[in-house]
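# Here's my sequence, what's the structure:
(chains A and B)
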Amino acid sequence: MEKKIVIPGEFLSDNSSKAGDGTYVHEGKVYSKFFGLVSERDKIQVVSLSGKYLPSISDIVIGTVVEISYSNWFLDINSPYEGRLNISEFSRRIESGNMMEYLNIGDSVVVMVKEVTPSMKVELTMRNHKLRSITNGRIFEISPSKVPRVIGRSGSMISMLKKETNCDIVVGQNGFVWVTGKEKDIDHVIEGLHIIEKEAHTKGLTDRVSVFLKEDYEDKPVDSTNLEILNELLD
Amino acid sequence: MSEKPEKFIDENGLRLDGRKIDQIRDIKIEIGILNRADGSCYLEFGNNKIMAAVYGPREVHPRHQQKATKAIVRYKYNMASFSVEDRKRPGPDRRSIEVSKVSREAFEKEIFTELYPKSAIDIFIEILQADAGTRTAAINAASLALADAGIPMRGLISSCAVGKVDDTLILDLNKDEDNYGQADMPIAMSTDGKITLLQMDGHLTQEEFKKGLEMAQQGCREIYELQRKALIDHYNNTQKEIIQDAPVESVKDISTESATEEDPIEDPVISDDVPDNGNTVNDDEIKEDIPDEKEEVILDEDEDNPAIVSDETEDDTLE
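Now for the predicted structure:
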């Protein structure tokens, strides 16, 4: 089914109880908040075509340390708001004097949003077996509004990407994607992510990405000079 | 500077540029043309050429400007020195600070600022060519740039001016009509008809004011339809490009989801017969105190993605 495109302020429904995400109610009628696509199940939702990441509780995000203070790391999480990771939320118990040995400025980590206060103070945590600091692979940025596309319906897209490229991929809700694997495979994943991002709202996307991934890229000469340079540096 | 015309409206009821008295100038809109901005729009409104860019929501600098409960909106209207016939001295001046203030206020209530506390939404307007009514054209462009940036809004803002020449009310003044006319009244209107900006320069009687307001509102509704069409066309065009760019074999593979070619969507084109008479700007002069506002330099911001060399592979699943 073709999803309908709406603009901000567009009328959606007379039934205010159907107002979902991305909509607002004015005088009992539902209108769109965003320039985006409508989906209607129990509620009418509007998914914006673009926009910044807004942290919400229990999101898994990838952040980069930008500042260290006494007992806190401050992380850039690709959002208007910085995330704070307290020393007590690190994956194991460490002394505040050794913080830099575990996470220094510029290091990246997979973290979970523990709490977001109304004044948008973002508390992060690493106390979960999935969460850890990033020591290898590459981090790639996509538009946060395209994250659900990269994951796919119940993870179909992401598991296909993983299977076809033998890479491990972690998608942060904030639009950072962490890819580990062989360098050539990572290049392939990133090209695939480019396709997903660019064609996010088209029909048959999973099929097209699948075709792209199955192409025999191992023997194909690298066409982009950028990739050649990158590979040289990495070899 | 052109001379004052003897008559603004000819015996057929047409204006100097051939428009009817209640006809707006041609509008051409391109959305999303700046890569580094979160949202952008280039708009031509008659001989006006406007570039609008939106950044944000993003961190507020300087910090003391931030509001604990909502996002602040910053609007910077700037005329390029080459935008008018006699070179304009670059930089903010009394007029551009005023235009920035009233335009910002035209948007503030339409944006859901409360969703982004402690952040800033920056709107930058660059007037590349001016031909009267730049503030209205800028608001139309800014509205589309905001929508392109994914900023939540109650609706679009459309803006249009009404004026008086030869004791007749006319819609959307051009340069001569603005410079030598008797009145100029720009308004901005939200989707549901609320007026978010209203200024007046010159004299109108009460009856003329009422009629003029109605004319301008009608103009805004016409512009709203063009804005709406521009956004939807922008989306459809990006979809079309993808289908055309798709590699041949992949198109074959998805034969069930056949890619239908749509008709090329025509943009409203600026007609050549509108005379170019870009004179110096003498837009509304409203005598009121304008608070000093610190202007900020536009800085493109971009995230660096650290590339880390791989030495081992780990497995993980996060959805």
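
# Just list the residues touching residue 42, thanks.
In the absence of a named chain, this looks at chain A. A:18, A:20 (C-beta atoms under 8 Å, 6 or more residues apart in numbering or on different chains). Placement of C-beta: from N, CA and C, glycine included.

# meant chain B, my bad for not saying
So B:Tyr42 contacts B:29-30, B:33, B:49-52, B:141 (C-beta under 8 Å, 6+ apart).

# mind giving me the domain ranges of chain A?
Segmentation of chain A into domains, based on automatic domain parsing, reads A:5-48, A:60-134, A:138-214.

# Now do the end-to-end distance for the longest one.
This points to domain A:138-214. Start to finish, the residues bounding domain A:138-214 are 22 Å apart (C-alpha to C-alpha, to the nearest Å).

# For that domain, what is the distance to the chain centroid?
Distance of domain A:138-214 from the chain centroid (C-alpha atoms, centre = their mean, to the nearest Å) equals 10 Å.

# Same question for the first one.
Average the C-alpha atoms of domain A:5-48, do the same for its chain, and the two points are 24 Å apart (C-alpha atoms, centre = their mean).

# just to revisit the earlier point, B:Tyr235: which of the domains of chain A is closest?
With C-beta to C-beta as the criterion, B:Tyr235 lies closest to domain A:5-48 of the domains of chain A, at 5.0 Å.

# Need the distance between the two termini of the closest one.
Terminal residues of domain A:5-48 are spaced 10 Å apart (C-alpha to C-alpha).

# sorry, back to before: for B:Thr136, find the nearest of the domains of chain A.
Nearest of the domains of chain A (C-beta to C-beta): domain A:5-48, 18.7 Å.

# part of a strand, is B:Glu126?
Yes: secondary structure of B:Glu126 (DSSP: H, G, I helix; E, B strand; the rest coil): part of a strand.

# Spit out the contact partners of it.
Neighbour list for B:Glu126: B:50-53, B:78, B:80 [criterion: C-beta under 8 Å, 6+ apart].

# Please list which of those also come close to chain A.
The subset of the contacts of B:Glu126 within reach of chain A, by C-beta under 8 Å from any C-beta of the partner chain, is empty.

# List just the nearest of the residues you listed to chain A.
Taking C-beta to the nearest C-beta as the measure, B:Ala53 is the one of the contacts of B:Glu126 closest to chain A, at 13.6 Å.

# buried residues in whichever strand or helix holds the closest one?
Taking DSSP states H and E as the criterion, B:Ala53 maps to strand B:48-59. Across strand B:48-59, burial judged by 16 or more other C-beta atoms under 10 Å in any protein chain shown covers B:48-58.

# what do you get for stretch A:111-130?
Neighbour count says stretch A:111-130 has A:111-114, A:116, A:120, A:122-126 buried, by 16+ other C-beta under 10 Å.

# Could you check how far that stretch is from the centre of its chain?
The answer for stretch A:111-130 is 15 Å, by C-alpha atoms, centre = their mean.

# Point to the helix or strand of chain A where mean pLDDT is at its lowest.
The weakest-scoring helix or strand in chain A, judged by mean pLDDT, DSSP states H and E, is helix A:225-234 (a mean of 64).

# tell me the contacts of the most centrally placed residue in chain A?
Taking C-alpha atoms, centre = their mean, the centroid of chain A lies closest to A:Gly175, which sits 2.8 Å from it. Counting by C-beta under 8 Å, 6+ apart, A:Gly175 touches A:53, A:78, A:141-144, A:146-147.

# How about the secondary structure of residue 189?
This is for chain A. helix.

# all helices for chain A, in order.
A:99-102, A:147-151, A:156-165, A:183-198, A:205-214, A:225-234 (DSSP state H).

# So in terms of bridging, what pairs with residue 122?
No chain was given, so I picked chain A. A:Gly83, A:Val116 (DSSP bridges).

# wrong chain, I was asking about chain B
B:Tyr55, B:Arg74.

# quick one: contacts for the residue of chain A most remote from its centre?
Relative to the centre of chain A, and counting by C-alpha atoms, centre = their mean, the farthest-placed residue is A:Glu27 at 35.5 Å. Contacts for A:Glu27 (C-beta under 8 Å, 6+ apart) come out as none.

# Same check on A:Asn78?
A:52-53, A:61, A:63, A:141, A:144, A:172, A:174-176, B:303.
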